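Visitor: Sequence and computational prediction follow.
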Amino acid sequence: MDEVKEVLRRAAALGPYFAVSTDPDEEVDPTWRPLPETDPERLDGLIDQYAQRLGTGDRRVAASILFQGVASRLWSPVVASAALGVVPDLASLHWRWAPGAPIALWLADPTGWPASPARAIETVVDGQLRPLRDTMAKVVKLADGLIWGNVASALAGTLYAARTSPDLAATLVPFVQDLLALPPLATAGELTPRGYVRRSCCLYYKVPPGGEMCGDCALLHRS
């Protein structure tokens, strides 16, 4: 437990997106909820709030971007921790989120395993994102290609940590490359010399005023 706490502390030094609290005193805060979110009604309300924040009436857009935001928030500390030798067990993970605020994470029982891509897929994709996808499907229909494209895009986004923390690059970059080669991410896109390119679109271009595309979008024309 102490080793995992120390690794998470070091990962958090990369920035707030990499932070996971392990403070046991957080248990008294009733605003924490277990993650993955399995309450369709609550998730339905969060999607509506997210749509309002984005200024869109298209709930599919809001759901897609919310899902990608959660995926990014999960991958960041896990990938950074893996680069330091540990994949944290997210079974006791909790989240706290409100529109306009960053997603906060708290791990009630900070344990983990020696880093391996298979273990990272198991704890992030199978343990967190598949159940969240299943709950979201009860209120908004999103194609699996879009969902896993969001997950892969969020994972590829963690590569910027290798640029800001060169000491992690030697382990972080190949770890992310190995993850992107595993299902269900292997068919979602590919790493190119110009960066990651996905085979689907997250629908961000529909956010008002519209027309803006992400750098890895399949809809971009690349010369």
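Guide: Noted; the coordinates are in hand. The shown structure was predicted, so the numbers you read here are calculated from the model rather than taken from an experiment. Numbers count the residues shown, from 1 in each chain.
Visitor: Please count neighbours and contacts with C-alpha atoms only from this point.
Guide: Will do.
Visitor: Look up the residues forming beta bridges with P34.
Guide: H94 (DSSP bridges).
Visitor: What are the boundaries of the helices in this structure?
Guide: Ranges of helices within the chain are 2-12, 40-54, 59-83, 117-120, 130-136, 144-156, 160-164, 166-180, based on DSSP state H.
Visitor: Dump these into JSON lines; add mean neighbour count and distance to R199 as well.
Guide: Putting the helices of the chain into JSON lines (neighbours: other CA atoms under 10 Å; distance: least, CA to CA, whole Å) gives the following:
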{"stretch": "helix 2-12", "mean neighbour count": "19", "distance to R199": "30"}
{"stretch": "helix 40-54", "mean neighbour count": "17", "distance to R199": "24"}
{"stretch": "helix 59-83", "mean neighbour count": "24", "distance to R199": "15"}
{"stretch": "helix 117-120", "mean neighbour count": "18", "distance to R199": "22"}
{"stretch": "helix 130-136", "mean neighbour count": "19", "distance to R199": "19"}
{"stretch": "helix 144-156", "mean neighbour count": "24", "distance to R199": "7"}
{"stretch": "helix 160-164", "mean neighbour count": "15", "distance to R199": "21"}
{"stretch": "helix 166-180", "mean neighbour count": "18", "distance to R199": "13"}
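Visitor: Dump these into TSV; add distance to H94 as well.
Guide: Converted to TSV, these look like this (distance: least, CA to CA, whole Å):
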stretch	distance to H94
helix 2-12	15
helix 40-54	15
helix 59-83	11
helix 117-120	18
helix 130-136	13
helix 144-156	19
helix 160-164	24
helix 166-180	24
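Visitor: ok, of these, where does mean pLDDT dip lowest?
Guide: Comparing mean pLDDT over the helices of the chain, the weakest stretch is helix 160-164, at a mean of 83.
Visitor: Output the contacting helices and strands for it.
Guide: helix 166-180 (3 or more CA pairs under 8 Å, 6 or more residues apart in numbering; DSSP states H and E).
Visitor: next one: the helix it packs on to chain centre, how far?
Guide: Remark: helix 166-180 is offset 16 Å from the chain centroid, using CA atoms, centre = their mean, to the nearest Å.
Visitor: residues in contact with it?
Guide: Residues from elsewhere that reach helix 166-180 (CA atoms under 8 Å, 6 or more residues apart in numbering): 79-80, 82-84, 117-118, 120-121, 152, 155-156, 159, 161-163, 185-186, 190-191.
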